[in-house]
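Chemist: need a structure here:
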Amino acid sequence: MLYAVVMSASLPPFPRSQEPAGDAELLQLGTPEEEPCLRADAARNRARLLEAAARLIAEHGAAGVTMEAVAAAAQVGKGTVFRRFGDRTGLLMALLDHSAKKLQEDFLGGPPPLGPGSPPLERLRAFGVAVLYRTVEQLDLQLAAEPEPTRRFSHPSHRALTMHVTVLLRQIVPDADCELLARTLLGYLDPALIHHLTRECGMPMERLEAGWADLVDRVTGTGATH
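Modeler: Here you go, the predicted structure:
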């Protein structure tokens, strides 16, 4: 069974300085200085820079995002961008972290089947579809901001996804090595693989959705009942 998951092609709105940037249940993403403890003016400046970077990506792709271009789009000095994000990778990772928080909110507290309220198997299937569409919509950004290999699996956003899939698997197949199974499932959702399958092999999203559902059924041993 395929789930129709409606995903926005743009990044979610950036929180205003008076709004909480996360939730106590969410795995913290980014550095502590990027959290709500920022002064109101610093928080506004950070949101302004991220909004400028998101516009550049929408107009020119990730290749169009340079520190100089973001500074010009946000009408600030280049040094301001470097002080806030360190380098281009830090800026791109901040954009991804913001999007990752929105995804976490959806699978931790959003409506079913992605959020609580559905059986764990249904949630796992919906989770994969949601990640597939999020990755395809932000593929250039995801690839440009990919952490180096030694840090890739320890990045907070990846750990959050692994934790969620592991928890669901423990409810479905409690006797399995659920942490390793979770990493196996997440390998199917790897941005580089999705890039290869969709852009180089021309596979439609419907096939990737069906493949995810089939993989989940086979890994959990539940295919015969669905």
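
Chemist: Quick check, central residue of this structure?
Modeler: Ala100 (3.6 Å; Cα atoms, centre = their mean).

Chemist: does that one sit in a helix, a strand or a coil?
Modeler: helix (DSSP: H, G, I helix; E, B strand; the rest coil).

Chemist: any idea how far Phe107 is from it?
Modeler: 11 Å (Cβ to Cβ, to the nearest Å). Glycine gets a C-beta too; all of them are placed from N, C-alpha and C.

Chemist: Going by residue numbers, what spans are helices in the protein?
Modeler: Counting by DSSP state H, residue ranges of the helices within the chain are 40-60, 67-74, 78-85, 88-109, 120-137, 139-144, 149-152, 156-172, 178-188, 191-195, 205-220.

Chemist: Run the chain-centre distance for the second one.
Modeler: So that's helix 67-74. When distances are taken as Cα atoms, centre = their mean, to the nearest Å, helix 67-74 is centred 24 Å away from the chain's centroid.

Chemist: which parts of stretch 178-190 are buried?
Modeler: With burial defined by 16 or more other Cβ atoms under 10 Å, the residues of stretch 178-190 counted as buried are 178, 181-183, 185-186, 188-189.

Chemist: got JSON lines for the residues you listed, with distance to Arg218 and pLDDT too?
Modeler: Converted to JSON lines, the buried residues of stretch 178-190 look like this (distance: Cβ to Cβ, whole Å; pLDDT from 0 to 100):
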{"residue": "Cys178", "distance to Arg218": "15", "pLDDT": "97"}
{"residue": "Leu181", "distance to Arg218": "11", "pLDDT": "97"}
{"residue": "Ala182", "distance to Arg218": "15", "pLDDT": "97"}
{"residue": "Arg183", "distance to Arg218": "16", "pLDDT": "96"}
{"residue": "Leu185", "distance to Arg218": "10", "pLDDT": "97"}
{"residue": "Leu186", "distance to Arg218": "15", "pLDDT": "97"}
{"residue": "Tyr188", "distance to Arg218": "11", "pLDDT": "97"}
{"residue": "Leu189", "distance to Arg218": "16", "pLDDT": "96"}
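
Chemist: Considering those, which is situated nearest to Ala69?
Modeler: Distance to Ala69 across those (Cβ to Cβ) is lowest for Leu189, with 29.8 Å.

Chemist: got a list of what the closest one touches?
Modeler: By Cβ atoms under 8 Å, 6 or more residues apart in numbering, the contact list for Leu189 reads 128, 131-132, 135, 212.

Chemist: So for those, which is the shakiest by pLDDT?
Modeler: Ranked by pLDDT, the contacts of Leu189 bottom out at Thr135, which has 92.

Chemist: right, and Ser118 touches Leu124 too?
Modeler: No. Ser118 is beyond contact range of Leu124, at 9.6 Å (criterion: Cβ atoms under 8 Å).

Chemist: Can you pick out the residue with more neighbours from these two?
Modeler: Between Ser118 and Leu124, counted using other Cβ atoms under 10 Å, the more crowded position is Leu124 (28 against 15).

Chemist: Contact partners for that one?
Modeler: By Cβ under 8 Å, 6+ apart, the contact set of Leu124 is 165, 168-169, 172, 185, 216, 220.
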